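S.K.: this is the structure alone, sequence omitted:
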């Protein structure tokens, strides 16, 4: 009898945990669906050169500020460059440093002239020579 109660309790607890821990809902819980989104990739670790693309709007790109893991701040002015949705733009070109880079984009959404400021974290992992 005690074993049945324990198994029932365990089953109810498991079902409760599964339904309360929906990670997908938690990820989108505080996300603004109208926010400008940038995807940042790095084609090579030889330099801190990145490829950026806005994934949901045609935008006007005014500037990008880079905060490197060694606390250096770099600034690139794009002089209101038009960037179509999913169009790739080469950015950066600085010395590579292992760690978290913060890349901040500023500009306007092309169709509405609404300004945006978006910060994207990028974790640069530089592999040591000889490590495989």
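M.R.: That came through fine. A quick note: this is a predicted structure, and the numbers were derived from the prediction, not measured. Residues are numbered from 1 along each chain as shown.
S.K.: which stretches of this structure form strands?
M.R.: Along the chain, the segments classed as strands by DSSP state E run 38-41, 48-54, 59-67, 73-83, 89-94, 99-109, 115-124.
S.K.: paired strands for the shortest one, with orientation please.
M.R.: This points to strand 38-41. Applying DSSP bridges, strand 38-41 is found paired with strand 48-54 (antiparallel).
S.K.: tell me the mean pLDDT for the partner strand?
M.R.: Strand 48-54 carries an average pLDDT of 94.
S.K.: name the residues of that strand that are buried.
M.R.: 48, 50, 52-54 (16 or more other Cβ atoms under 10 Å). Every residue, glycine included, has its C-beta placed from N, CA and C.
S.K.: wait, residue 54 touches residue 37, no?
M.R.: Yes - counting by Cβ atoms under 8 Å, residue 37 is a contact partner of residue 54 at 6.9 Å.
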